[in-house]
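Student: here's a sequence, model it:
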Amino acid sequence: MQIKPFRIEHYFGKYEFTTRYLLSSSDAESRTVQELLDLEPGAQECLLKQRCGYTESPGGPALRQAISGIYRGIKPEHVLAVSAAEEGIFVFYHALVGPGDHVIVEIPCYESALEVARSTGAQISEWPRRYEDGWVHDLAALEKMIQPNTKIIYINTPHNPTGLLMPANVLQHVMKLASSRGILVFCDEVYRELEHDPANRLPAACEIYERAVSLGSMSKSYGLPGLRLGWLVCKDAELLARCLEFKYYTTICSSAPSEILTAVALRHREVLAQRNREIVLRNLPLLDSFFRQRANLFEWIKPNAGPIGFVHFKPQRDVFLFCEDVARKAGVLLLPGTVYDQPHHIRFGYGRKNMPEALAHLSAYLDAQA
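Tutor: Now for the predicted structure:
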């Protein structure tokens with residue numbers, strides 16, 4: 001397997017744990033283990049009595065039951081637990097495609113969604129969305145990309161890095177296009193349930209198409225990345241079995257304590273999502289106002305889901321060097337769009353309680369530079 005360096009994670013590895021303020025984080029505000037245990041009577045005793053042995057490779061029954069409860073028409077046997085979304089991406093692609101296959105990937109995207117697909121030896125076509133076009137989905141372009149050997153279409157909604165929901169009619173069109181040709185749809189839904197208006201929530205891909213796989217995670221909407229727990233959900237038993245066979249070569253099974261904490265969290269996920277939605281909706285107007293006040297530097301298409309947005313950086317200067325200077329001098333971490341092959345953009349995160357403080361430090365830095 002040949003694969004490129006993971007630029008997003010490399011950049012975060014350099015700055016995430018040494019920079020005081022994180023203003024580009026992709027996850028929402030986290031919680032302590034004690035806070036999770038307090039959600040449910042008896043949870044602490046259950047955790048303390050849990051043996052630190054192996055768990056079932058697809059995920060324990062209680063965990064898969066909790067995950068299936070997120071979806072309509074999904075049973076526990078439709079669920080495969082993985083060690084965070086990253087393993088889900090790796091397992092899915094390597095179990096299902098290889099040389100001779102063709103994969104279409106919506107871009108910009110989280111880098112592994114593109115590069116792991118490429119590492120299988122499959123032929124890759126990038127389905128681009130552009131800021132200049134309002135990040136719209138060009139469905140005609142997608143249809144033209146489909147080849148006789150197209151095996152998978154990867155999509156992402158709510159979207160990283162733009163923070164935008166895919167319009168419902170676009171999702172339906174993609175599903176119809178795929179189903180008419182027997183193409184798998186791999187839908188990254190790690191920000192699902194953190195729509196700014198829950199009334200706008202889309203159905204999960206796995207609910208509306210038998211050969212669609214929904215990717216979920218505890219990391220983003222629920223703010224629990226430390227649990228390292230994610231899942232693949234699909235009604236196609238053979239497809240899921242192939243992913244499980246590949247998982248035997250990666251992690252084999254999940255962490256037993258994480259399975260207990262994840263099941264507790266998911267049984268009370270409305271509490272977790274609502275608290276994080278309140279933080280997001282409190283921070284978003286502050287960030288939007290900041291960009292309008294500094295319109296000489298920034299502009300964006302305002303997000304409608306999740307805790308991140310992709311901001312157009314207007315000055316004609318190196319955005320990577322700008323973000324590094326901000327990290328060193330202001331102690332504020334921004335993610336340069338170069339890691340998405342978007343050299344005129346910056347990813348901002350607004351899902352943390354201390355975002356106003358981080359924004360104040362960035363503002364002071366910009367004033368000093370001016």
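Student: got the contact list for V233?
Tutor: By CB atoms under 8 Å, 6 or more residues apart in numbering, the contact set of V233 is I67, S68, Y71, I74, H78, V79, L80, A204, C206, V213, S214, G216. For the C-beta atoms, the positions are set from N, CA and C on the backbone; glycine is no exception.
Student: apply 6 Å and report the result again.
Tutor: Neighbouring residues of V233 by CB atoms under 6 Å, 6 or more residues apart in numbering: I74, H78, V79, C206, S214.
Student: okay, now the domains of this structure?
Tutor: Following automatic domain parsing, one finds the domains of the chain at 7-32+270-369, 33-269.
Student: any idea how far the longest one is from the chain center?
Tutor: The offset between the C-alpha centroid of domain 33-269 and the centroid of the whole chain comes to 9 Å, using CA atoms, centre = their mean, to the nearest Å.
Student: what's the answer for the shortest one, then?
Tutor: Counting by CA atoms, centre = their mean, domain 7-32+270-369 is centred 16 Å from the centre of its parent chain.
Student: mind listing the helices for the stretch 51-200 of the chain?
Tutor: Remark: helices assigned in the stretch 51-200 of the chain by DSSP state H, counting those that start in this stretch are 61-68, 84-96, 111-119, 139-145, 168-179.
Student: E270: which of these is closest?
Tutor: helix 61-68 (12.9 Å; CB to CB).
Student: what's that closest one packed up against?
Tutor: strand 79-82, helix 256-267 (3 or more CB pairs under 6 Å, 6 or more residues apart in numbering; DSSP states H and E).
Student: could you rerun that using 8 Å?
Tutor: Secondary-structure packing of helix 61-68 (3 or more CB pairs under 8 Å, 6 or more residues apart in numbering; DSSP states H and E): strand 79-82, strand 230-233, helix 256-267.
Student: got those as CSV, with mean pLDDT and distance to L164 columns?
Tutor: Shown next, in CSV, are the helices and strands packed on helix 61-68 (pLDDT from 0 to 100; distance: least, CB to CB, whole Å):
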stretch, mean pLDDT, distance to L164
strand 79-82, 98, 26
strand 230-233, 98, 22
helix 256-267, 98, 25
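Student: got CSV for these, with distance to A141 too?
Tutor: Listed next are these as CSV, based on distance: least, CB to CB, whole Å:
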stretch, distance to A141
strand 79-82, 31
strand 230-233, 27
helix 256-267, 37
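Student: quick check: which of the helices of the stretch 51-200 of the chain is nearest to N276?
Tutor: Minimum separation from N276 across these (CB to CB) falls at helix 84-96, 17.0 Å.
Student: ok and the closest one relative to helix 111-119, angle-wise?
Tutor: Counting by axes from the mean of the first three to the mean of the last three CA atoms, to 10 degrees, helix 84-96 lies at 20 degrees to helix 111-119.
Student: helix 84-96 relative to helix 256-267, how many degrees between them?
Tutor: Using the same axes, to 10 degrees: helix 84-96 against helix 256-267 is 100 degrees.
Student: just checking, what packs against helix 84-96?
Tutor: Judged by 3+ CB pairs under 8 Å, 6+ apart, helix 84-96 is in contact with helix 111-119, strand 150-156, strand 184-188, strand 212-217, strand 230-233, helix 237-247.
Student: and that helix, what's buried?
Tutor: 84-96 (16 or more other CB atoms under 10 Å).
Student: between the helices of the stretch 51-200 of the chain, which one is closest to M1.
Tutor: Taking the helices of the stretch 51-200 of the chain one by one with CB to CB, helix 111-119 is closest: 5.0 Å.
Student: the closest one packs against which elements?
Tutor: helix 7-15, helix 84-96, strand 102-107, strand 123-128, strand 150-156.
Student: cutoff 7 Å now
Tutor: Applying 3 or more CB pairs under 7 Å, 6 or more residues apart in numbering; DSSP states H and E, we find helix 111-119 packed against helix 84-96, strand 102-107, strand 123-128.
Student: now the second one against helix 84-96, angle please.
Tutor: Yep, that's strand 102-107 we're talking about. 160 degrees.
Student: who's in contact with strand 102-107?
Tutor: With contact meaning CB atoms under 7 Å, 6 or more residues apart in numbering, strand 102-107 is reached by 97, 113-114, 117, 122-129, 142, 145, 147, 149-156.
Student: for the protein, longest helix please?
Tutor: Counting residues, the longest helix found in the chain (DSSP state H) is helix 269-293.
Student: what is the mean pLDDT for the very next helix or strand once past it?
Tutor: Downstream of helix 269-293, the first helix or strand assigned by DSSP states H and E is strand 298-300. In this model, strand 298-300 has a mean pLDDT of 98.
Student: in its sheet, which strands sit next to strand 298-300, and in what direction?
Tutor: Pairing partners of strand 298-300, with direction, according to DSSP bridges: strand 308-313 (antiparallel).
Student: how about P61, what does it touch?
Tutor: Contacts of P61 by CB under 7 Å, 6+ apart are P76.
Student: got a pLDDT number for it?
Tutor: So P61 comes in at 98 (pLDDT).
Student: ditto for H137
Tutor: So, for H137, pLDDT stands at 98.
Student: and the nearest residue to it once chain neighbours are set aside, how many neighbours?
Tutor: Among residues not flanking H137 along the chain, V170 sits closest, at 4.8 Å (CB to CB, 6 or more residues apart in numbering). Neighbour count of V170, defined by other CB atoms under 10 Å: 18.
Student: swap in Q34?
Tutor: Neighbours of Q34 (other CB under 10 Å): 8.
Student: for the host helix or strand of it, buried residues please.
Tutor: Per DSSP H and E: Q34 is located in helix 33-37. Within helix 33-37, the residues scored as buried using 16+ other CB under 10 Å are L36, L37.
Student: gap between the residue of the chain most remote from its centre and P343?
Tutor: Distance from the centre of the chain peaks at A370, with 35.1 Å (CA atoms, centre = their mean). Separation of A370 from P343 (CB to CB, to the nearest Å) stands at 23 Å.
Student: cool, thanks, signing off.
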